[in-house]
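Enquirer: 3D, please:
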Amino acid sequence: MSPRDLAESAVRAVAAGAAEVLVHPRTPCGRESLSPRVVGPVLEVLRGAGVRVPLAVPASIGAEPDPAERSARVGAWTVLPDRAVVHFAEPGAAGLAEALLARGVRVDAAAPLGGPAGSEPLERLRAWLVRRPGGGRGGVRVVAEVAAGSAEEAAAGPGLPAGLRGLPPAAVLLFGRDGASWPALRLAARCGAAARTGVGDVLHLPDGRPARSNAELVAAARELLRGEPACGSAAVAATRPA
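Expert: Residues are numbered from 1 along each chain as shown. Below is the predicted model:
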């Protein structure tokens, strides 16, 4: 998608109720990139189109395999996102997160909850949080990808899943992919965490119909949230692969 197409999609998603937007900047040939020459123009186009909610970008191995180069790219950004997603299943995550925070970019510290990766990425993330000065989570939100089975099991209760207990729900975002997406959103509604949906995660609506756009997914998520008993209010983020 061109930056203009991304902006149009983001505007519609926000109008449908998205409280923030995750965008994947790509080069003209379709490769994800952390280059300031790619990230900056995408952010400027979205903001220029009137997208006033926080904008996030992924700072992942898919955009730059070398951990040191990822941090260097972040240090070279001339236009900053509001948030950046750092995957703690990838090498160099803690150093990258600190580099982002030093630049004033809030960090979405991501780890899978269940699934083939096991518990190591989440344990690494929690250990980093403990080591931070004062043990604080200032500027950091934990983003947990919930596997299908664990999402459905946990959604029956009001609390966060076991691996996240002890964290304030307001500092957590839950999401799932494909069949885990809607159960994860229901779980977020019940425990007061933020939630994420979008064509980067799921291509069908809760009733199984194909989703035509991010805006349609966000509208469905807002409707689903209204029907769930909640311990707090869940914000919805929209994800859009460029």
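Enquirer: Name the SS class of Leu187, please.
Expert: Under DSSP: H, G, I helix; E, B strand; the rest coil, Leu187 falls in the helix class.
Enquirer: going on from the helix or strand bottoming out on mean pLDDT in the chain, what's the next piece of helix or strand?
Expert: Counting by mean pLDDT, DSSP states H and E, the chain has its least confident helix or strand at helix 148-154, which shows a mean of 57. Note on helix 148-154: by DSSP states H and E, the next helix or strand toward the C-terminus is strand 172-175.
Enquirer: so Val107 touches Val142, yeah?
Expert: No: in this structure Val107 lies outside contact range of Val142 using CB atoms under 8 Å: 9.7 Å. In short, each C-beta sits where N, CA and C put it, glycine included.
Enquirer: Show me the helices in the protein, by range?
Expert: 3-16, 36-48, 67-76, 93-102, 120-131, 148-154, 181-191, 214-226 (DSSP state H).
Enquirer: Need the winner for burial among the ones you listed.
Expert: Mean neighbour count (mean count of other CB atoms under 10 Å) peaks for helix 181-191 among those, with a mean of 27.
Enquirer: Would you mind writing the CA trace of stretch 24-32 as PDB?
Expert: In PDB, the C-alpha atoms belonging to stretch 24-32 read as follows (Å, rounded to 0.1, in the frame of the first residue of the first chain):
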ATOM      1  CA  HIS A  24       4.300  -1.300   9.000                       C
ATOM      2  CA  PRO A  25       6.500   1.100   6.900                       C
ATOM      3  CA  ARG A  26       7.900  -0.600   3.800                       C
ATOM      4  CA  THR A  27      10.200   0.400   0.900                       C
ATOM      5  CA  PRO A  28       8.700   0.700  -2.600                       C
ATOM      6  CA  CYS A  29       9.700  -2.900  -3.300                       C
ATOM      7  CA  GLY A  30       7.600  -4.100  -0.300                       C
ATOM      8  CA  ARG A  31      10.300  -4.700   2.300                       C
ATOM      9  CA  GLU A  32       9.700  -3.700   5.900                       C
END
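Enquirer: which residues touch that stretch?
Expert: Outside of stretch 24-32, the residues within contact range by CB atoms under 8 Å, 6 or more residues apart in numbering are 33-35, 38-39, 42-43, 57-58, 60, 62-63, 200, 240-242.
Enquirer: again, only this time at 10 Å
Expert: Identification of contacts with stretch 24-32 by CB atoms under 10 Å, 6 or more residues apart in numbering yields 1-3, 6, 33-35, 37-43, 56-58, 60-64, 81, 85, 200, 239-242.
Enquirer: quick one: buried residues of stretch 199-207?
Expert: Neighbour-count burial for stretch 199-207, counted by 16 or more other CB atoms under 10 Å, picks out 199-202, 205-206.
Enquirer: Reformat those residues as CSV; add pLDDT and distance to Val74.
Expert: Shown next, in CSV, are the buried residues of stretch 199-207 (pLDDT from 0 to 100; distance: CB to CB, whole Å):
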residue, pLDDT, distance to Val74
Val199, 94, 26
Gly200, 91, 21
Asp201, 94, 24
Val202, 96, 29
Leu205, 97, 36
Pro206, 95, 36
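Enquirer: Can you pick out the most distant pair from those residues?
Expert: Gly200 and Pro206 (17.3 Å; CB to CB).
Enquirer: I'm done for today, thanks for sticking with me.
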